[in-house]
Structure formats: structure tokens, C-alpha cells
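Enquirer: sequence and predicted structure, then a few things I'm wondering about:
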Amino acid sequence: MSEPSESLLAHIGWRGELPKPPADQPGLRVARVIAQHRAGYELHDGDHAFNAQPAPRFIKPGIDPCSRPAVGDFVMVTSAKPPMIERILPRRSELARAAAGERHLRQLIATNIDTVMIISGLDGDFNPSRIERYLMLVEGSGAKAVVVLTKADTSDAVESTQQELRKRVSASTAIHAINAKSADSIGVLSEYFGPGTSTVLVGSSGVGKSTLTNTLLGETRQATNAVRETDSRGRHTTTYRALIQLPSGGCLIDTPGMREIKLTGEETLDGDQFGDIEELAQTCRFGDCSHLSEPACAVRAALEDGRLDNARWHNYLKLRDELSVAADSLETQLRRKTENRVLTKSLSRRSDEKFERR
């Protein structure tokens, strides 16, 4: 296989100059991870897709999951049969959440993306608090967040719902209401899918991610299912993350529906989503104000005169507490890793000294 050119790789989101193959492995070439399966990875070099296996070091037990190849990664791969992923090129953005369980390990959702579209249905799925949680994950990822409300054709309260959400979302975050089945309706999203761009769709099952993908493609490629009438939730029609090339020249990563959106512990509250609340709290008379009964509390004053939405404030408190617990868990985990590494080195040194004395 020949080395792909920059112009070919641009079709799958590559930017800039191609890196030179390392001197000790001159046959490596660049490709992008477009899917991950139990049996390995699927890559694309801008011309065609092919399967590849990860180098053995990527599958060692105990390795940080974020150190492994992920959908969206640009990698350097051998020309062997089957090809082997040898290196992960620097990521310009990473969208991650905490994996299920109690260890708060980061789980990559997608990498090298420009836009994260948070998809929510204008039905029983609509949940501003969940959208705020997604926005916290996006902040710091290096990507831009956009909220997309689907099923606008089934709702009589599109405008009022958008106004309600605007009270909870930063002014810098765009909100679009669409009918994902209509090519005309999704036209407002075209600016995010231009040539060379990469966008990932996130949201619950049944919100219309696969339907939107099919409409963007102009064909039915992703399976779709109806949602339950009781809670507007659907089954996982998309079962794994996959990067898809769009006719517009952009790349789209469709993801399975997420039931749990855990914070990793690395998020902050002083960004676009909640930065105004943090600044407001700084203007209270007392530095340790609990915002409950202290005099001259700026937060309570804002709640009373309507400048601060009450539901947003309570979700902020919930996320603040959760973030504190996650950060403590992450710090403990990192400290244990460091202690184990030091202990391993110490035991190794003692072993070497013991054998040298013999």
C-alpha cells in the first residue's frame, strides 16, 4: 500500500502536514480510526477502509484506556498483513466521560473532533439538567458544543422549550430545533459539516441521532427504532461508535445512546456553562457564604429577582458535589498509581542488589 497524501487524508479530517515516519520504522503510514470492534479496529486512509490490529502494548492489562486507539484518532500503521497500529498521533481534542463503576477511569467517546452535537428530543426525553451535564463534559475537550432539539415536527411548544433551555445554557452555545427526517429542516446544521470537519453526536437512545445521520447521508445506512411511549426512550440502534464520511466533505461520528453520563473529575465549573454563577458567588459579602441565610448574598438575590434560574442553580449544586467526589476519587487513583510505581521500582532495585551480592 502506498503512503496516503495530505489531500486524501483531508477527506477524513486530517489537517496540516503529514508526520515523517520514524527512522526505526520507515514503512509506517497515517490512517484514521473509524470504528472499534472486539476483533480489532477499522481504519480509513482517505481512499479506502481496512482492518487493523493494535500493537501488543495497547492491550496490556492495566493500561490507561485513554492510551489506547479510539474512534477519531489518527494513527501510524504498518503495511504488514494484517496492518498493525504502532503509534497514536497527537490529539487536537478529546471528549471523554467516566466509565461505569466506582474507579472513575476516563473513557474516550471520540477524538480529533470540532463539534459535539448534544441531541435531545422534544418529547419525554427533553431534560435540561442532562444537557447541562453533557455541556460540562464538552468544556475542556477542545471541541465546540451545539444543542440540537429533534422531533420539532411533533411538538407544539418548540419556541417555549427553546426559551426555557436558553435560561440554562450559555449564550455562546447554539440551540437548534429540527425535524431530523427532513433535509430542509436540518439545513441549519450545514455550517458544522463542512469539508475537513469532524462532528460527534451524543445523546440518549431514541433521540434521533441515527435518523439525523441517515438524512445527512441521503440514504438509510444507520438502523433506527421507535421509542417507548412511556418515557420516549429507545433501544440502542447504534451499537458502537463509527466515523462516517458525509457528502458535504465532513466526518460524522455516531455513538450509542448513553444511559449514564458520569463526570471524570477533570471538569471545571468556571467555564461558559456555570462561570457566571461562580463569579456571582464571589460578590457575596462573606467569602465562605453558604448562600442560605447570610446577609448580602448575591446568589440569593439573583434567585429572588429571576437573574438566576432556580432549576439551574440546584443542578449546579448537584454537579458541584458530584465533581468534588469524582475529583477526590481521581486524585486517590493517581496517588495509588504513583505509590505502586515507586514500590515496583523499589522492589526491583532490591532484587537486583540481592542477586548482585550472590
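Expert: Received, thanks.
Enquirer: look at Ile131 and tell me its secondary structure.
Expert: helix (DSSP: H, G, I helix; E, B strand; the rest coil).
Enquirer: OK, contacts around it?
Expert: Ile118, Ser120, Val147, Leu165, Arg168, Val169 (CB atoms under 8 Å, 6 or more residues apart in numbering). C-betas here are computed from N, CA, C, even on glycine.
Enquirer: ok, now with 10 Å
Expert: Residues in contact with Ile131 (CB atoms under 10 Å, 6 or more residues apart in numbering) are 118-120, 145, 147, 149, 165, 168-169, 173, 175, 203, 273, 315.
Enquirer: before we move on, what about Lys20?
Expert: By CB under 10 Å, 6+ apart, the neighbours of Lys20 are Pro26, Leu28.
Enquirer: for Glu262, give me phi and psi.
Expert: Let me fix one detail, which is that residue 262 is Lys and not Glu. The phi/psi pair for Lys262 (degrees, to the nearest 10) reads phi -90, psi 140.
Enquirer: helix or strand: which one has His314?
Expert: helix 310-357 (DSSP states H and E).
Enquirer: give the rounded mean pLDDT of that helix.
Expert: If you average the pLDDT over helix 310-357, you get 69.
Enquirer: burial measure for the closest residue to Phe58 other than its chain neighbours, as a count.
Expert: Spatial nearest neighbour of Phe58, excluding adjacent residues (CB to CB, 6 or more residues apart in numbering): Arg68 at 4.9 Å. By other CB atoms under 10 Å, the residues close to Arg68 number 18.
Enquirer: Arg68 and Pro22: what is the separation?
Expert: Arg68 sits 20 Å away from Pro22, going by CB to CB, to the nearest Å.
Enquirer: repeat that for Leu189.
Expert: 40 Å.
Enquirer: just want to know which of those two has more residues nearby.
Expert: More neighbours surround Leu189 than the other of Leu189 and Pro22, with 20 against 11 (other CB under 10 Å).
Enquirer: tell me the SS of that one?
Expert: Relying on three-state DSSP, one would call Leu189 helix.
Enquirer: pretty sure it sits against Leu216.
Expert: Yes: between Leu189 and Leu216 there is a contact under CB atoms under 10 Å: 8.1 Å.
Enquirer: name the residues contacting each of those two.
Expert: In contact with both Leu189 and Leu216: Ala180, Thr199, using CB under 10 Å, 6+ apart.
Enquirer: burial measure for Ala171, as a count.
Expert: When neighbours are counted by other CB under 10 Å, Ala171 comes out with 8.
Enquirer: mind listing what Ala311 touches?
Expert: Pro128, Ser129, Glu132, Glu164, Lys167, Arg168.
Enquirer: find the residue closest to the fourth one in space, skipping its chain neighbours.
Expert: Beyond its immediate neighbours in the sequence, the residue positioned closest to Glu164 (CB to CB, 6+ apart) is Pro128, lying 7.0 Å away.
Enquirer: show me what contacts the one you found?
Expert: Counting by CB under 10 Å, 6+ apart, Pro128 has contacts 120, 147, 161, 164-169, 309, 311-312, 315.
Enquirer: re earlier: now go through the contacts of Ile131 and say which are in helices.
Expert: Leu165, Asn315 (DSSP state H).
Enquirer: which residues does stretch 52-60 contact?
Expert: With contact meaning CB under 10 Å, 6+ apart, stretch 52-60 is reached by 31, 33, 36, 39-43, 63, 67-69, 75, 77-78, 80, 82-88.
Enquirer: same check, this time on stretch 296-303
Expert: Residues contacting stretch 296-303 (CB under 10 Å, 6+ apart): 276-277, 279-286, 289-294, 304, 307-310, 312-314, 316.
Enquirer: which ChimeraX command selects the buried ones in those?
Expert: Buried members of the contacts of stretch 296-303 can be picked out in ChimeraX with the line below, counting by 16 or more other CB atoms under 10 Å:
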select :276,277,280,281,284,289,291,308,309,312,313,316
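Enquirer: and stretch 27-37, how far from the chain's centre?
Expert: Distance of stretch 27-37 from its chain centroid, counting by CA atoms, centre = their mean, to the nearest Å, is 19 Å.
Enquirer: go on, stretch 60-69?
Expert: With CA atoms, centre = their mean, you get 18 Å for stretch 60-69.
Enquirer: now the phi/psi pair for Leu212, please.
Expert: According to degrees, to the nearest 10, Leu212 has phi -60, psi -40.
Enquirer: what's the per-residue pLDDT of the residue lying closest to it once chain neighbours are set aside here?
Expert: Of all residues not flanking Leu212 in the chain, Ala180 sits nearest, at 4.1 Å (CB to CB, 6+ apart). pLDDT, Ala180: 96.
Enquirer: contacting residues for Ala180?
Expert: 119, 121, 148-153, 186, 189, 207-216, 224.
Enquirer: give me the subset of the residues you listed lying in strands.
Expert: Those of the contacts of Ala180 mapping onto strands are Ile119, Gly121, Val148, Leu149, Thr150, per DSSP state E.
Enquirer: pretty sure the first one contacts Arg130?
Expert: No: judged on CB under 10 Å, Ile119 makes no contact with Arg130 at a distance of 11.1 Å.
Enquirer: what's the overlap in contacts for the two?
Expert: Joint contacts of Ile119 and Arg130 (CB under 10 Å, 6+ apart) are Gly203, Ser204.
Enquirer: looking at these two, which is more packed in?
Expert: For Ile119 versus Arg130, neighbours defined as other CB under 10 Å are more numerous around Ile119 (25 against 17).
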